[in-house]
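S.K.: Sequence and predicted structure, then a few things I'm wondering about:
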Amino acid sequence: MIPLDFALTLDSGTILFIVLAAVAVISAILVVEHKSLVYSALFLGILGMANAALFTLLGFNFIALFFVSVYIGAAVTFILFSVSMFEEAPAVERPVRIITLISVIVAAVVLAGVFALYFTGGIQPSYISYRVLASLLTEKYGFALIIAALTLVTTLIEAITIARKEEEK
Amino acid sequence: MDSIVLFLSLSIVLFGIGLYGLISKRTMLRMLLAAEINFNAAILALVALASQSPSPATGEVVALLATGIAAADVGILVSIAILMYRLKKRSDVYELKESRG
């Protein structure tokens, strides 16, 4: 069992959790309520980053890495580019620039907090060895892995089919 | 208070926001984004609960598979939304009634 108490016993860990939770909740509200779909998709990416940082806080470093690379890097970016085809991104106005500046400062503070926790030993390394994870994924959950791979291939085929239908019309 | 309660509370708040967006919005892509918030909330709850499990590797494997499947369903839904928008020039979900069969 992973000891989770560091998030509460360490003050910096608690502050980091509060900052990440605030970023996640504000991003989620902006995803739903922002007028522009482009910015909504962008805030979904920020929500995913906050989520990945929370996974790291829980000690699941590999999931955080996978989440950033696959979910944000592929899925959210795909949504972002697709939404950009629907509508033009509005011009960057002064309030947006201020929000951007605040976002950069918050990101810098969060990163500084993460590195400070890491170097002071606050963040625990992953408790799960990659060897155990790989053997579990390929042996016990091998069938589920095959189904997931087939689902991804089916998605690719469906996307190509839809695109070809559009070309024919 | 155990710290897992904090993570689960955050997960509930995120799920509530996603559910609100899913119910209140009519645009297909906006509903997709709200559903993605729900996915984020669910995966956060899964990982938080897995960290308390005697075998956290199992929870990690399930989270990895769920993330892969989520990427796949995003691809399908965005493809359908783009096709629908090109055909009808609108992305209202109520337009789907006319495109059955």
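M.R.: Received it, and whenever you're ready, just let me know what you need. Numbering: from 1, shown residues only, chains lettered A, B, ... in the order given.
S.K.: which stretch of helix or strand covers the residue nearest the centre of chain A?
M.R.: By CA atoms, centre = their mean, chain A has its centre lying nearest to residue A:48, at 2.5 Å. Counting by DSSP states H and E, the element that carries residue A:48 is helix A:37-58.
S.K.: and the residue of chain A found nearest chain B, what pLDDT?
M.R.: Of chain A, the residue with the smallest distance to chain B, taken as CB to the nearest CB, is residue A:32 at 3.6 Å. Every C-beta, even on glycine, is put in place using the N, C-alpha and C of the backbone. At residue A:32, the predicted lDDT confidence score is 91.
S.K.: Excluding residues flanking it in the chain, which one is nearest it?
M.R.: In space, residue A:32 comes closest to residue B:21 once its chain neighbours are excluded; the distance is 3.6 Å by CB to CB, 6 or more residues apart in numbering or on different chains.
S.K.: Could you pull up the contacting residues of the one you found?
M.R.: Residue B:21 sits next to A:31-32, B:30-31, B:33-34, B:37 when contact means CB atoms under 8 Å, 6 or more residues apart in numbering or on different chains.
S.K.: so is it in a helix, a strand, or just coil?
M.R.: helix (DSSP: H, G, I helix; E, B strand; the rest coil).
S.K.: What separation is there between it and residue B:27?
M.R.: Using CB to CB, to the nearest Å, residue B:21 is found at 10 Å from residue B:27.
S.K.: before we move on, the earlier item: which helices and strands sit right next to the helix or strand following the helix holding residue A:48?
M.R.: Proceeding N to C from helix A:37-58, the next assigned helix or strand is helix A:61-66, under DSSP H and E. Other helices and strands packing on helix A:61-66, by 3 or more CB pairs under 8 Å, 6 or more residues apart in numbering or on different chains; DSSP states H and E, are helix A:37-58, helix B:56-88.
S.K.: quick one: the helix or strand bottoming out on mean pLDDT in chain B to helix A:37-58, angle?
M.R.: Every helix and strand in chain B was compared by mean pLDDT, DSSP states H and E; the lowest is helix B:56-88, with a mean of 83. Going by axes from the mean of the first three to the mean of the last three CA atoms, to 10 degrees, helix B:56-88 is angled at 180 degrees with respect to helix A:37-58.
S.K.: Does chain A have contacts with helix B:56-88?
M.R.: Yes: using CB under 8 Å from any CB of the partner chain, helix B:56-88 comes into contact with chain A via B:56-58, B:60-61, B:63-65, B:67-76, B:78-83, B:85-86.
S.K.: so residue A:156 is in which element?
M.R.: Assigned by DSSP H and E, residue A:156 falls in helix A:142-168.
S.K.: can you tell me the average pLDDT over that helix?
M.R.: Mean predicted confidence for helix A:142-168 is 80.
S.K.: Not counting its neighbours along the chain, what's nearest residue B:75?
M.R.: Nearest residue to residue B:75, sequence neighbours excluded (CB to CB, 6+ apart): residue A:155, at 4.5 Å.
S.K.: try residue B:77
M.R.: The shortest distance from residue B:77 to any non-neighbouring residue, by CB to CB, 6+ apart, is to residue B:32 (5.1 Å).
S.K.: Thank you kindly, that will do.
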